[in-house]
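S.K.: make a model of this:
(chains A and B)
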Amino acid sequence: MSAAAQRVVIIGAGQAGGQTAYSLRQAGFAGTITLIGDEPAPPYQRPPLSKAYFKGEMDAERLFLKPLEYYAEHQVDLITGKAATAIDLAAKQVRLDDGETLAWDRLVIATGARPRRLSVEGADLRNIAELRTLADVDHLKKVAMPGARLVVVGAGYIGLEAAAVGVQLGLKVTVLEAMPQVLSRVAGPEIGAFYTHIHREAGTDIRLGARLEAFEGIGQVTGVRIQGGEIIPADLVLVGVGVLPNLELALEAGLVCGNGIVVDADMRTSDPDVFAAGDVAWRPLSHYGREGRLESVHNAIEGGKIVAAAIMGLPAPVLDVPWFWSDQFDLKLQTAGLWTGADETLVRGDPQSRAFAVFYLKEGRVIAVDAVNSAPEYIVGKKLVASQARVAPGELVDKSISMKDIGARALG
Amino acid sequence: MPKITYIDASGTERVVEAKNGMTVMETAIKHNIPGIDADCGGACACATCHVYVDGAFTDKVGKPSAMEQSMLDFAENVKENSRLSCQIKVRDDLDGLKVTTPESQH
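M.R.: The predicted model follows:
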């Protein structure tokens, strides 16, 4: 690693890129910071895009992570509406799409991820939308008129949150999911079954195991054909089938990449002066003894803080257990930890009451919790994951024992 | 427009003009008030916008919802007058509100 860190360039002005800049200034970094984003807006929160913002309950400015004045006051040179097109590691330069080149001593790649696209017939028809950016949702909102038929492809967080808003806006909503349960990538079957029930109760047609064959229409989408030949009429289609990390710049520059840009515990890439954070980073997951890529606010904020600390030569912040949330109708799902690899599942509370939690255990230790309208289960569950303490399964499912007591006993 | 005073853990006061309908957390973010992280952006999901409400305003501000109370039950350094600032909406009768931020949100 070279000694002087006078110029930091951050590619990507999302939550991770923004946080890196804020944390650097907060820690007293005295050099220049250039934050480059290809969207027109300054760094903003994405979670409300599929929730309150789609519903029309929030204006765009309320999404901004910092007011515009912040960037001038704190000498963060915010360049919006421009994309980085190449990284030269040897010359320590970044080229932008307008031909400008920027020199750096430390580079941060926070380019995020982009919605995966389906390569089926008709995929380029009008009114087939994705949901990642403010512009995406502004477009959706124009077409999502009451009475319109919305077909959501993919029952992940984004798809289900948008479906919930769609129903609330008066749309006729169908959700197509190729797997036999909703939220299959992020939660177990208990949570999947519960949300399927909730959405069906609200009037949404949820089709599980539905394989998409083609989009129908001339110019504009009019229907979605699924395996078996049925065509589901659509005025608007939202595709939410996961994301792909934006790692092309890093790959072309010669940085080591897998399913993300490979970084160490300091979020440092294979080049010691280059860091990566946010959705694009393939990072050590210290609570799980493995590596992975996380797509979440927590991961973006934590990554930005770690990068800033590493650049400043400060100790890394204490790592949090990965956490997530999803708002659908009046239900708040709070998740702590990663459930993959669980060998036991315990349900606490009755899903019928719309407040319950699912604990995922591996070898007698809680590795994750999904809590629906159950903040104590979420918070104590998160502490249990962090501590890797053993818990008595009988206690976890016994509602007569409070989470506070369970936590106190297990955590000592 | 109602005025809100934010006092940080060292006692420094910052007075800002707030807009009705915005939350006390959003007002802090808009005015670069240190000491409020608000990681989740106001979804009542993270408890990093914890504040102590000045005694003169605790009744006016009201009690936390069940969800907020649960989040607070497990936050650090919680007191009788603790609230999550993302759950307090600014109104005319909160003019003069004073809130103090804790030393740390984590």
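
S.K.: and chain B, which residues reach chain A?
M.R.: Residues of chain B lying near chain A by CB under 8 Å from any CB of the partner chain: B:22, B:26, B:29-32, B:39-41, B:43-47, B:67, B:70-71, B:73-74, B:106. Bear in mind the C-beta positions are built from the backbone N, C-alpha and C, glycine included.

S.K.: closest point of chain A to chain B, which residue?
M.R.: A:Ala375 (3.3 Å; CB to the nearest CB).

S.K.: and that residue, what are its phi and psi?
M.R.: A:Ala375 adopts backbone torsions of phi -60, psi -40, taken as degrees, to the nearest 10.

S.K.: read off the pLDDT value for the spatially closest residue to it that is not a sequence neighbour.
M.R.: Distances taken as CB to CB, 6 or more residues apart in numbering or on different chains place B:Ser70 nearest to A:Ala375, at 3.3 Å, with adjacent residues excluded. Note on B:Ser70: pLDDT of 84.

S.K.: report the separation between B:Ser70 and B:Ala45.
M.R.: Distance, B:Ser70 to B:Ala45, using CB to CB, to the nearest Å: 12 Å.

S.K.: neighbour count: those two, which is higher?
M.R.: The neighbour count for B:Ser70 versus B:Ala45, taken as other CB atoms under 10 Å in any protein chain shown, is higher for B:Ala45 (27 against 21).

S.K.: quick check: nearest residue in space to that one, chain neighbours excluded?
M.R.: In space, and not counting its chain neighbours, B:Ala45 is closest to A:Trp325: 4.1 Å by CB to CB, 6+ apart.

S.K.: on the three-state scheme, that neighbour is what?
M.R.: strand (DSSP: H, G, I helix; E, B strand; the rest coil).

S.K.: that one pairs with what?
M.R.: Legend: beta-bridge partners of A:Trp325 under DSSP bridges are A:Gln334.

S.K.: hmm, B:Gly42 and it touching each other?
M.R.: No: here A:Trp325 lies out of contact with B:Gly42, judged by CB atoms under 8 Å, at a distance of 11.5 Å.

S.K.: mind pulling the model confidence for the most centrally placed residue in chain B?
M.R.: Centroid-nearest residue in chain B: B:Ser85, 2.9 Å away (criterion: CA atoms, centre = their mean). In this model, B:Ser85 is scored at 96, pLDDT.

S.K.: which residues are in contact with it?
M.R.: B:Ser85 makes contacts with B:23-25, B:28, B:36, B:38, B:49-51, B:99, as judged by CB atoms under 8 Å, 6 or more residues apart in numbering or on different chains.

S.K.: sketch out the helices for chain B, chain order is fine.
M.R.: Using DSSP state H, the helices of chain B run over residues B:24-30, B:58-61, B:66-73.

S.K.: give me the contact list for the helix or strand of chain B with the lowest mean pLDDT.
M.R.: Least confident helix or strand of chain B, by mean pLDDT, DSSP states H and E, is helix B:66-73 with a mean of 86. When contacts are defined by CB under 8 Å, 6+ apart, helix B:66-73 is touched by residues A:332, A:373-376, A:379, A:404, B:44, B:47, B:50, B:63-64, B:78, B:82-84, B:87.

S.K.: at 10 Å what do you get?
M.R.: Around helix B:66-73, the neighbours that count as contacts under CB atoms under 10 Å, 6 or more residues apart in numbering or on different chains are A:332, A:334, A:355, A:371, A:373-380, A:402-404, B:44-47, B:50, B:63-65, B:78-79, B:82-84, B:86-88.

S.K.: which one in the contacts of B:Ser85 is the model shakiest on?
M.R.: Sorting the contacts of B:Ser85 by pLDDT puts B:Ala38 at the bottom of the list (88).

S.K.: just give the nearest non-adjacent residue to that residue, would you?
M.R.: Of all residues not flanking B:Ala38 in the chain, B:Cys49 sits nearest, at 4.4 Å (CB to CB, 6+ apart).

S.K.: please report how far the one you found lies from chain A.
M.R.: Going from B:Cys49 to chain A by CB to the nearest CB, to the nearest Å gives 13 Å.

S.K.: residue contacts, that residue?
M.R.: B:Cys49 makes contact with B:23-26, B:28-29, B:35-42, B:83-88, B:101, B:105 under the criterion CB under 10 Å, 6+ apart.

S.K.: phi and psi next, for it.
M.R.: phi -130, psi 30.

S.K.: export the least confident helix or strand of chain B as CSV, just CAs?
M.R.: Taking Å, rounded to 0.1, in the frame of the first residue of the first chain, the C-alpha atoms of helix B:66-73 are listed here in CSV:
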residue,chain,number,x,y,z
ALA,B,66,-45.9,-1.2,20.9
MET,B,67,-43.4,-1.9,18.1
GLU,B,68,-41.3,1.2,19.0
GLN,B,69,-41.4,0.3,22.7
SER,B,70,-40.1,-3.2,21.9
MET,B,71,-37.2,-1.7,20.0
LEU,B,72,-36.5,0.6,22.8
ASP,B,73,-36.7,-2.1,25.5
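
S.K.: is it true that the residue nearest to B:Ala45 touches A:Tyr157?
M.R.: Yes: counting by CB atoms under 10 Å, A:Tyr157 is a contact partner of A:Trp325 at 9.1 Å.

S.K.: who's more crowded, these two?
M.R.: For A:Trp325 versus A:Tyr157, neighbours defined as other CB under 10 Å are more numerous around A:Tyr157 (26 against 22).

S.K.: quick check: phi and psi at the more buried one.
M.R.: phi -50, psi -50.

S.K.: tally of neighbours for the closest residue to it other than its chain neighbours?
M.R.: Nearest-residue entry for A:Tyr157: A:Ser326, 4.9 Å, with adjacent residues in sequence omitted and distances by CB to CB, 6+ apart. For A:Ser326, the neighbour count with other CB under 10 Å is 27.

S.K.: OK, contacts around A:Ser326?
M.R.: Counting by CB under 10 Å, 6+ apart, A:Ser326 touches A:47, A:50-51, A:156-158, A:160-161, A:164, A:183, A:186-187, A:191, A:195, A:332-335, A:370, A:372, B:43, B:45.

S.K.: please list only the buried members of these.
M.R.: Those of the contacts of A:Ser326 that meet the buried threshold are A:47, A:50-51, A:156-158, A:160-161, A:164, A:183, A:186-187, A:191, A:195, A:332-335, A:370, A:372, B:43, B:45, by 16 or more other CB atoms under 10 Å in any protein chain shown.

S.K.: ok, the lengthiest helix in chain A near chain B or not?
M.R.: Counting by DSSP H, the longest helix found in chain A is helix A:297-312. Yes: for helix A:297-312, a contact with chain B is found by CB under 10 Å from any CB of the partner chain, at A:297-298, A:300-302.

S.K.: I'd like the mean pLDDT over that helix, please.
M.R.: Rounded mean pLDDT across helix A:297-312 is 97.
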